[in-house]
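Peer 1: Any chance you can model this:
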Amino acid sequence: MRSLKKFIPLLSYSIISRVAFLVVFMIVFATAISFIYSFYINKSLEETQIAAREMMLEDMRRTLRNSVQSLAGSLGEAVRNRREDQEDIIRKTINSIRYDDNGYYFVYNTHGINIAHPFFPEFQGQERLETEDDAGTKYIRELTDKALSGGGFVQYNFYKPGETIRRTKLVYALLIPGTNYWLGTGLYIDDIDRDQQTFSDIFTKIHRRAIITVGTGVGLVLLFVVIPVSLFMINSILKPWRQLERELMQAQKMEAIGIFAGGIAHDFGNVLGAISSCADLALMDIAADSPAHDDLEHISKAAKRGKNLVRRIKDFSSKNDAHRQSVNMARIANECMDFVQSIIPANIEVRRHIVADDVWVTADPDQLLQIIMNLCTNAEQAMRGFKGILTVELEAVELEADEAQTMGLSVGSYARLSVTDNGVGMKPVILKRIFEPFYTSRKKSGGTGLGLSMTKSIVNMYGGAITVVSAPGKGSAFHVLLPCSTGSEEHPTTERHLDLPEGTEHILLLDDDRDLISSLHKLFTRLGYTVTSRLDSLEALETFTENPHSFDLIITDQLMPKMNGTEFIKKVRKIRPEVPVILCSGFEGEGLLNRVPLDLDKAGVSAFFRKPFDTVEICRGIRGVLDGNLENEKRKGNHATNTHHR
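Peer 2: This is a model prediction of the structure:
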């Protein structure tokens, strides 16, 4: 009994010590977990705050620039369209505009004389070019210089409305189009800092709450499951952040594509136009049985595919509907496979099995070509480095209710395109993400992650579905299902190299792209026209002014330095109103750049062609404009004769 009594205290001590050790371990472990979590959260908070400050400042700069550009354009338009005194128009407009608590616009002329200032009307009429702030900055002079150089930012100290203390201010200035006045507006740095601090405080509170919540949760969960649940919680907290980061990067990339698509279309269009025109010139000189004849035909077709590629990128970023028509899927598949066989490496055997020769779908032919090219390119990349087999099959199938429901389709007839390879295959983790935009497992080899995502986007747009079966070491098989349509008479592309209409008239050709204008000059000269080419719009205007009646037609680009096509046409029409003008452009972007006018007749445009244009199309268009102008002159002459006889 005594021994039992002696044992009980020892037992109690052992349990208490173990419990105490466990409690201490849990506290230490919870503290360590909380410390580690807090460290990474604070680190991410610091990085987030820095990134947020930079993004906010850049957004405010962009807002200032866009607001000044927009208002300057409106003021320039108002000044041109009204006969009132320019300064009165500007002053009335500026004095009536406010934004936020301290936001206002002000206007000076290029000599530093104030035209309008809502909060300091005593400045009006003063020459303030040499005015300095308390730091010695001649801010009016610097703003004038920035405005004259195309717009820019200047930072200086100035009074905030309602205060007597100077505050640092960031101002953007831009010249009002068509005038010698410049417009400016800005934000006070302390307002920006206050907004940034508010934003930072919100983030800090959120992060602190997260730290407290997670720390408490870890301490409680440690009583039951210790490390596993703690690790799970940490992972569950970090996972949404990673997902948000991926989505942000994806959104930024998509925005970049939308912004630069127009610029790419313009620059790339000029390149393709030069290639296409030079190829057509060469085809005129070379015999049809020459070995180089087929190569030149391929160059022309490739230039056309390049034009469609730019349009497809823009359609993908803006999600516009494509031009749909009834298309023979077998013809598209055969045409594409002929091209694939010419570019595929020799180590890959290409097999085609076109089971259905008369299967029709309603789609854009160029996008169908894109689907097949993307899948074949993907298959070729999977078989690089060893001998492979690429198989393309096309057949008509009937989907039953169960199969259609599984794929999210309707019961009916479908064209099934299958592209199979015996390449490296894909792991399940890759297979789940292959249709995500910008996801690629071939970054080192130049993969962009756009091919399959664009393919799926096109297939879904046409009411179809795409599936894939793959396993590591066993290759991949992609199956595309597109709903069949009623067959109709297909209108194939007209042969491009027909007899081109000729002429003897004098053409003034204006474009800032040297390669394009050189090829067009040769082409039009070959057709019998007298061609005068200019790379500079001011030089072209000078040439036309010297002898305006010597030119029968003017062809001009829209987007050019110094003077765009619309402005050039206005000046030409003032000199000779009846001269026919053809306007060309490949720019389709958004923003504040000069774009194609909506009302072509009002702008004095006889015809409009989008770059890169087809050789036959532009040549026939030129002939049509010249013949139409000649017919109009005859009618005017007959009308004048009849009036005289009366």
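Peer 1: was I right about Asn102 contacting Tyr188?
Peer 2: Yes. Using CB atoms under 8 Å, Asn102 is in contact with Tyr188, at 6.0 Å. Placement of C-beta: from N, CA and C, glycine included.
Peer 1: Report the spatially closest residue to Leu482, excluding sequence-adjacent ones.
Peer 2: Using CB to CB, 6 or more residues apart in numbering and skipping residues adjacent in sequence, the residue nearest Leu482 is Gly464, 4.2 Å away.
Peer 1: Check the burial of the one you found by counting its neighbours.
Peer 2: Counted with other CB atoms under 10 Å, residues neighbouring Gly464 total 22.
Peer 1: Could you measure from it over to His479?
Peer 2: Separation of Gly464 from His479 (CB to CB, to the nearest Å): 10 Å.
Peer 1: For the stretch 301-450 of the chain, which segments count as helices?
Peer 2: Remark: helices assigned in the stretch 301-450 of the chain by DSSP state H, counting those that start in this stretch are 329-343, 365-382, 401-407, 428-431.
Peer 1: between Asn102 and Tyr188, which one's more packed in?
Peer 2: Neighbour tally, Asn102 and Tyr188, criterion other CB under 10 Å: the higher count belongs to Tyr188, 22 against 18.
Peer 1: Show me the beta-bridge partners of that one.
Peer 2: Tyr188 has the following beta-bridge partners by DSSP bridges: Lys169.
Peer 1: and of the helices of the stretch 301-450 of the chain, who's closest to Thr532?
Peer 2: Each of these has some distance to Thr532 by CB to CB; the shortest is helix 365-382, at 36.3 Å.
Peer 1: any idea how far that closest one is from the chain center?
Peer 2: Taking CA atoms, centre = their mean, to the nearest Å, the mean C-alpha location of helix 365-382 is offset from the chain mean by 22 Å.
Peer 1: between that helix and helix 329-343, how big is the angle?
Peer 2: Taking axes from the mean of the first three to the mean of the last three CA atoms, to 10 degrees, one finds that helix 365-382 is oriented at 40 degrees with respect to helix 329-343.
Peer 1: So which other helices or strands are in contact with helix 365-382?
Peer 2: Identification of packing neighbours for helix 365-382 by 3 or more CB pairs under 8 Å, 6 or more residues apart in numbering; DSSP states H and E yields helix 291-318, strand 325-328, helix 329-343, strand 388-399, strand 412-421, helix 451-461, strand 476-483.
Peer 1: Quick check, the residue nearest to Leu482 in contact with Gly412.
Peer 2: No. Between Gly464 and Gly412 there is no contact under CB under 8 Å: 11.4 Å.
Peer 1: shared neighbours of those two, which are they?
Peer 2: Contact criterion CB atoms under 8 Å, 6 or more residues apart in numbering; residues shared by Gly464 and Gly412: Pro483.
Peer 1: And for Arg167, the neighbour number?
Peer 2: Using other CB under 10 Å, the number of residues around Arg167 comes to 14.
Peer 1: Can you give me every residue that contacts the closest residue to Met383 other than its chain neighbours?
Peer 2: Of all residues not flanking Met383 in the chain, Gly423 sits nearest, at 4.1 Å (CB to CB, 6+ apart). Neighbour list for Gly423: 379, 381-383, 388, 475-476 [criterion: CB under 8 Å, 6+ apart].
Peer 1: Out of those, grab the one that's most surrounded.
Peer 2: Across those, the neighbour count under other CB under 10 Å reaches its highest value at Ala379, namely 27 neighbours.
Peer 1: measure Asn180 to Phe35 for me?
Peer 2: Counting by CB to CB, the separation of Asn180 from Phe35 is 65 Å.
Peer 1: on that earlier part again, nearest to Ala287, of the helices of the stretch 301-450 of the chain?
Peer 2: Evaluated with CB to CB, those place helix 329-343 nearest to Ala287, the distance being 21.9 Å.
Peer 1: Okay, now the unreliable bits of the stretch 151-300 of the chain?
Peer 2: Filtered on pLDDT under 70, the stretch 151-300 of the chain yields the residue ranges 211, 214-215, 217-270, 273.
Peer 1: Repeat the analysis, applying 90 as the threshold.
Peer 2: Low-confidence segments of the stretch 151-300 of the chain (pLDDT under 90): 159-170, 176-180, 186-300.
Peer 1: Next, count neighbours for Ala287.
Peer 2: Using other CB under 10 Å, the number of residues around Ala287 comes to 8.
Peer 1: sorry, that was for Ile430
Peer 2: Residue crowding around Ile430 was assessed by other CB under 10 Å; the count is 14.
Peer 1: quick one: it from Ile371, how far?
Peer 2: Here Ile430 is placed at a distance of 21 Å from Ile371 (CB to CB).
Peer 1: Stretch 386-396: which residues count as buried?
Peer 2: Along stretch 386-396, these residues count as buried under the neighbour rule (16 or more other CB atoms under 10 Å): 388, 390-394, 396.
Peer 1: Centre of the chain to it, how far?
Peer 2: With CA atoms, centre = their mean, you get 34 Å for stretch 386-396.
Peer 1: ok, now stretch 413-420?
Peer 2: With CA atoms, centre = their mean as the basis, stretch 413-420 stands 32 Å off its chain's centre.
Peer 1: and if you look at stretch 190-207?
Peer 2: Its chain's average C-alpha position is 32 Å from that of stretch 190-207, according to CA atoms, centre = their mean.
Peer 1: For it, which outside residues touch it?
Peer 2: Outside stretch 190-207, the residues within contact range by CB under 8 Å, 6+ apart are 41-42, 44-45, 48-49, 52-53, 56-57, 60, 100, 102, 167-168, 170.
Peer 1: again, but for stretch 402-412
Peer 2: Taking CB under 8 Å, 6+ apart as the criterion, the residues outside stretch 402-412 that touch it are 398-401, 463-465, 467, 481, 483-484.
Peer 1: Which entries within those meet the buried criterion?
Peer 2: Neighbour-count burial (16+ other CB under 10 Å) applied to those gives 399, 464-465, 481, 483-484.
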